[in-house]
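Engineer: Below: sequence and its predicted model.
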Amino acid sequence: MYEIGVNPWVWTSPVDDAALAELVPRIAGFGFDAVELPIEQPGDWDPVRTRDLLAAHGLSVAGVCAVTPPGRDLVDAAPAVVRATVAYLKGCVDSAAAVGAPSVGGPVYASVGRTWRMTAAERATCYADFRRALAPVAEYAGARGVSIGVEALNRYETSVVNTIDQAVDLIDGLPSNVGLMIDTYHMNIEEADPYGALAVAGPYIKHVQVSGTNRGAPGSDHLDWPRLFAVLAGTGYRGAVCIESFTAENETIATAASIWRPLAPSPDRLALDGLAYLRGLLG
């Protein structure tokens with residue numbers, strides 16, 4: 001029913017041309033169907049070269065991940081910062097279109113780790129500011145056949161959008177090519193009922209990331225994966241599901257994702273165990 005993909009962040013960061021040349025044959029050899037491609041900095045990987053590399057190994061592109069370190073913000077930020085972030089997101093759209101990815105997803109509203117308190121009125125203003133800032137990106141993406149998936153993060157990584165209900169509110173009024181990117185790790189923390197929340201997200205889902213509740217391999221944790229995938233099937237979503245985890249070897253990404261210990265005996269083991277579990281579950 002679903003292609004099963006993986007993000008090269010499981011092994012390394014940044015994901016650049018050299019990393020992909022090494023990892024893509026391994027990912028294909030493991031039996032994955034697809035790869036999720038993050039863009040930490042514009043130009044990390046060449047879209048045409050990457051498209052050809054993936055095609056040569058029988059892999060599809062599940063989606064492009066936008067990355068929002070400090071200084072990439074669409075809300076509560078200086079106009080120059082917003083303009084630069086819009087330009088970065090349009091660049092992600094260009095890469096997605098060139099490599100054949102259906103979507104660009106991520107916490108595109110604010111930099112990861114940035115938190116501040118908001119009243120209900122301030123939150124409404126924040127969300128309106130986001131919609132105004134993202135509108136030209138949405139139009140640009142739509143003209144190129146690319147969707148935007150907005151990702152809710154847990155409370156320790158953002159104060160803007162933590163739940164599916166908030167994410168649906170955030171994108172209200174934007175074009176239909178703007179929807180949600182689901183991440184089971186964050187849902188496990190923030191949703192009182194992650195399965196019910198997934199059903200609410202159903203009409204808006206553009207991309208799905210799966211991760212164990214401890215950021216390890218799916219299936220090595222306490223999430224009721226059969227129930228989750230039964231709900232996902234009921235939404236009508238038929239895109240890829242991608243394992244997202246992070247290497248502990250890169251200080252910047254490990255700190256951003258709070259990876260303080262190895263999540264598996266090796267990155268290969270995390271990927272293989274997650275793939276085996278999902279194959280057994282999904283057939």
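Structural biologist: Received it, and whenever you're ready, just let me know what you need.

Engineer: Over to residue 72: give its phi and psi.
Structural biologist: Phi and psi for residue 72, reported as degrees, to the nearest 10, are phi -110, psi 100.

Engineer: who's in contact with it?
Structural biologist: 81, 84, 85, 88, 111 (C-beta atoms under 8 Å, 6 or more residues apart in numbering). Where C-beta positions appear, they are placed from N, C-alpha and C, glycine not excepted.

Engineer: Out of these, which comes closest to residue 40?
Structural biologist: Closest approach between these and residue 40, by C-beta to C-beta: residue 88, at 10.6 Å.

Engineer: The closest one: what's it in contact with?
Structural biologist: Taking C-beta under 8 Å, 6+ apart, we find residue 88 in contact with 42, 66, 72.

Engineer: again, 7 Å this time
Structural biologist: Contacts of residue 88 were listed using C-beta atoms under 7 Å, 6 or more residues apart in numbering, and they are 42, 72.

Engineer: who wins for neighbours among the contacts of residue 72?
Structural biologist: Among the contacts of residue 72, residue 85 has the most neighbours (other C-beta atoms under 10 Å), with 25 neighbours.

Engineer: What residue, apart from its backbone neighbours, is nearest it spatially?
Structural biologist: Spatial nearest neighbour of residue 85, excluding adjacent residues (C-beta to C-beta, 6 or more residues apart in numbering): residue 72 at 4.8 Å.

Engineer: Please report how far the one you found lies from residue 252.
Structural biologist: To residue 252, residue 72 is 14 Å away according to C-beta to C-beta, to the nearest Å.

Engineer: and what of residue 14?
Structural biologist: Counting by C-beta to C-beta, the gap from residue 14 to residue 252 is 9 Å.

Engineer: which residues in the stretch 1-150 of the chain form helices?
Structural biologist: For the stretch 1-150 of the chain, the helices defined by DSSP state H, counting those that start in this stretch cover 17-30, 47-56, 79-99, 120-142.

Engineer: Out of these, which is the most enclosed?
Structural biologist: Highest mean neighbour count among the helices of the stretch 1-150 of the chain (mean count of other C-beta atoms under 10 Å): helix 79-99, with a mean of 18.

Engineer: which residues touch stretch 246-259?
Structural biologist: If you take C-beta under 7 Å, 6+ apart as the criterion, stretch 246-259 is touched by 9, 10, 11, 12, 13, 112, 113, 215, 261, 262, 267.

Engineer: Please repeat the previous calculation with a cut-off of 6 Å.
Structural biologist: 9, 11, 12, 13, 112, 262 (C-beta atoms under 6 Å, 6 or more residues apart in numbering).

Engineer: Low-confidence bits of the stretch 151-283 of the chain, can you list those?
Structural biologist: Low-confidence segments of the stretch 151-283 of the chain, defined by pLDDT under 70: 250.

Engineer: ok, 80 please
Structural biologist: 247-257, 259-260, 283 (pLDDT under 80).

Engineer: What are the boundaries of the helices in it?
Structural biologist: Using DSSP H, counting those that start in this stretch, helices in the stretch 151-283 of the chain cover 164-171, 184-190, 194-201, 225-235, 251-256, 267-282.

Engineer: closest one to residue 156 among the ones you listed?
Structural biologist: Of all those, helix 184-190 sits nearest to residue 156, with 8.2 Å by C-beta to C-beta.

Engineer: Just list what that closest one packs against, helices and strands only.
Structural biologist: Using 3 or more C-beta pairs under 6 Å, 6 or more residues apart in numbering; DSSP states H and E, no helix or strand is in contact with helix 184-190.

Engineer: residues of it that come out buried?
Structural biologist: Applying a neighbour-count criterion of 16 or more other C-beta atoms under 10 Å, the buried positions in helix 184-190 are 184, 185, 186, 187, 188, 190.

Engineer: Mind putting the residues you listed into TSV with distance to residue 142?
Structural biologist: Below are these laid out as TSV (distance: C-beta to C-beta, whole Å):
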residue	distance to residue 142
184	27
185	29
186	26
187	27
188	32
190	29
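
Engineer: Go through those and name the one nearest residue 59.
Structural biologist: Distance ranking of the buried residues of helix 184-190 against residue 59, using C-beta to C-beta, places residue 184 first at 22.2 Å.

Engineer: Go ahead and confirm the closest one touches residue 213.
Structural biologist: No: when contacts are counted by C-beta atoms under 6 Å, residue 184 is not listed as touching residue 213 (7.9 Å).

Engineer: ok, now how distant is the nearest residue to residue 58 once chain neighbours are set aside from residue 271?
Structural biologist: In this structure, residue 58 finds its nearest non-sequential neighbour in residue 28, 6.0 Å apart by C-beta to C-beta, 6+ apart. Between residue 28 and residue 271 the computed distance is 12 Å (C-beta to C-beta).
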